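Asks: how would this look folded up:
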Amino acid sequence: MSSSPIPVTAGPAGIEPEPEAVPFDDHGIEPIPAAARDSTPWQQFWIWTGANIAPINWVLGALGITPGLSLVETIVVVAAGNLVGCAVFGLFNLMGHRTGVNQMVLGRGAFGRRGAIVPGVVQGLLTMGWVGVNTWVVLDLVLAILAQLGVHGGLGLKYLVAGVIMAVQLFLALYGFYAIRTFEKYTVPATVVLMAVMTVLAVAQTDPDWTAATAVTSADKVTAVTQLLTAIGIGWGISWLPYSADYSRFVRPGTPGRRVFWATALGMYVPTVWLAALGAYLAGGGGTADPSSLVTGLFGVMAVPVLLLIMHGPVATNILNLYSCSLAALSVGIKVARWKLTLGAGLVASGVLAVFLRADDFAQAFDHWMVSILVWIAPWASIVLVDFFVLRKGRIDLPSLYRDDASPYGPVNRSAMISLGVGLVAAWSWQFGMVPATRGPIARLLNDTDFSWLSGGLVAGGLYYLLVRRAARRLAARAPEDAPAI
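Replies: Down below sits the predicted model:
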């Protein structure tokens, strides 16, 4: 199958084509024409496997040991939590497959074309931040392995490595979906094989205590479980929801939805649980949550292959971040060629990377990051999910997404905006981060537990459903012929 970009043909009637996105990939935020939708579920599997078979996932697994859970408890929580998070992720991929539209534009159905600018801006900032975070996670690892090979350079070498990784990421992201698909298709299977060898080495060289735990009381264990669910359990799948349709929109229209669901859900689930379990296993054997200490101590005998794996990880993840960032910018109405947006995102991400390079403690810095993004993603995702699958029954008028009547209630759907605001408050109330400002009253009252994703999602989605139903009844009572079809 050819991996070169396919020229865009006319989209659905009533939709004006967007300005040229980039010289290499003509697809912007208009629906992908059927002739250009040639991706398969297997390719989608490799895309999401590549995005998650990265060092950050095995380091996150080690964080389960840090708050006091045993190795067995950590693996059970990660495996069970990701069943939920990855299933929701699979549902969001169905949206893109059914419509051929990217995720931020699909959000207009709930928020309205202008109302969707708010989550679109947040998503753009989020993707740029993730590029910096993912690059930061591997820098110490790369330098530690290079030191084993006799290459030393201190801070200057660290910035040089960061620059090389950033340049490769930007190059691939500029070429769009087709380059991303090809890169993942040919590099991820080899990465999986290498990761399997590393797993065997870890099991052979480590003898962890499977049941030792520092959290001995039931209350402390519940607290640790909720915090782990947020970091690498349910919360991990939720953190990818704003990206999902950006890639599933390229799947062939006639592909059964169940195949898309399972390919994307398993592409997220398998590497996430696998690497998190490996990270917990290493930490349970006396390691730490520090990336360089966790990895180089065991895999020094495979310095060169491990170096390649580590360098591949952020690239495979961040090309998705940079591509989705440009789509988010186009979705909020920024009329700039996508290659310029991508380069700008790279500059901002470099700034984020510089901030994280000053962090003294990995676990604390990453906790700050995760709690800040889940507080908004969970309420937003719940509203979009309810709107698409419950209220619209999976059917949406595509041309309306590109006009001010995307929502039946105008360019800004007040029901969605109110629900998002209340959901944000609900999420913060049951959030427990390491910064005092991110510790909500319910979390503090209930022994520092963190169910921010649950409280925010249930409140926002439930309130949105009730408000939309109420608004529909009022409109129907006033003018039955003009009542929205919801």
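
Asks: can I get the CA coordinates of stretch 102-111 in PDB?
Replies: Written as PDB, here are the backbone C-alpha positions of stretch 102-111 (Å, rounded to 0.1, in the frame of the first residue of the first chain):
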ATOM      1  CA  ASN A 102     -11.100  15.200  13.600                       C
ATOM      2  CA  GLN A 103     -11.900  15.200  17.300                       C
ATOM      3  CA  MET A 104     -11.900  19.000  18.000                       C
ATOM      4  CA  VAL A 105     -14.300  19.600  15.100                       C
ATOM      5  CA  LEU A 106     -16.500  16.800  16.300                       C
ATOM      6  CA  GLY A 107     -16.700  18.600  19.700                       C
ATOM      7  CA  ARG A 108     -18.500  21.400  17.900                       C
ATOM      8  CA  GLY A 109     -21.600  19.200  17.900                       C
ATOM      9  CA  ALA A 110     -21.900  19.600  21.700                       C
ATOM     10  CA  PHE A 111     -20.300  23.000  22.300                       C
END
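
Asks: report the mean per-residue pLDDT for the helix or strand hosting Val459.
Replies: Using DSSP states H and E, the secondary-structure element containing Val459 is helix 452-478. Averaging pLDDT along helix 452-478 gives 90.

Asks: CA atoms only: put stretch 226-243 into CSV for me.
Replies: C-alpha atoms of stretch 226-243 as CSV (Å, rounded to 0.1, in the frame of the first residue of the first chain):
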residue,chain,number,x,y,z
THR,A,226,-7.0,6.2,43.4
GLN,A,227,-3.8,8.1,42.7
LEU,A,228,-2.4,5.2,40.5
LEU,A,229,-5.7,5.0,38.6
THR,A,230,-5.3,8.7,37.8
ALA,A,231,-1.7,8.4,36.7
ILE,A,232,-1.6,5.2,34.6
GLY,A,233,-4.9,3.4,35.1
ILE,A,234,-8.2,4.9,33.8
GLY,A,235,-6.6,8.3,33.6
TRP,A,236,-4.1,7.3,31.0
GLY,A,237,-6.7,6.2,28.4
ILE,A,238,-8.7,9.4,29.2
SER,A,239,-5.7,11.6,28.5
TRP,A,240,-5.6,10.4,24.9
LEU,A,241,-9.3,11.0,24.1
PRO,A,242,-8.8,14.4,22.5
TYR,A,243,-6.5,12.8,19.9
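
Asks: what's around the nearest residue to Ala80 once chain neighbours are set aside, how many residues?
Replies: Of all residues not flanking Ala80 in the chain, Gly233 sits nearest, at 7.5 Å (CB to CB, 6 or more residues apart in numbering). Placement of C-beta: from N, CA and C, glycine included. Neighbourhood size, Gly233 [other CB atoms under 10 Å]: 29.

Asks: and Thr55, how far is that from Gly313?
Replies: To be clear, residue 55 is Pro; Thr isn't right here. Distance of Pro55 to Gly313, computed by CB to CB, to the nearest Å: 5 Å.

Asks: now for the residue nearest to Ala80: which residues touch it?
Replies: Val77, Val78, Ala80, Gly81, Asn82, Gly85 (CB atoms under 8 Å, 6 or more residues apart in numbering).

Asks: quick revisit: give me the common contacts of Pro55 and Gly313.
Replies: Shared contacts of Pro55 and Gly313, defined by CB under 8 Å, 6+ apart, are found at Val138.

Asks: for the chain, give me the ranges with low pLDDT.
Replies: 1-26, 64, 66, 286-304, 355-372, 434-435, 479-486 (pLDDT under 70).

Asks: the longest helix in it is where?
Replies: Secondary structure of the chain per DSSP state H: the longest helix is helix 117-148.

Asks: so which elements touch that one?
Replies: In terms of contacts (3 or more CB pairs under 8 Å, 6 or more residues apart in numbering; DSSP states H and E), helix 117-148 is packed against helix 55-62, helix 103-106, helix 154-174, helix 291-299, helix 303-331, helix 338-356, helix 362-385, helix 414-429.

Asks: tilt between that helix and helix 338-356?
Replies: With axes from the mean of the first three to the mean of the last three CA atoms, to 10 degrees as the basis, helix 117-148 and helix 338-356 are set at 60 degrees to each other.

Asks: can you name the element that comes right after the strand or helix carrying Asp246?
Replies: For Asp246, the host element (DSSP H and E) is helix 245-248. Per DSSP H and E, the first helix or strand lying C-terminal to helix 245-248 is helix 257-284.

Asks: could you give the angle of that following helix to helix 55-62?
Replies: Going by the same axes, to 10 degrees, helix 257-284 is angled at 60 degrees with respect to helix 55-62.

Asks: please identify the buried residues of helix 257-284?
Replies: Buried positions in helix 257-284, judged by neighbour count with 16 or more other CB atoms under 10 Å: 259-284.

Asks: quick one: end-to-end length of stretch 148-157, please.
Replies: Stretch 148-157 has an end-to-end distance of 14 Å (CA to CA, to the nearest Å).

Asks: also stretch 35-55?
Replies: 37 Å.
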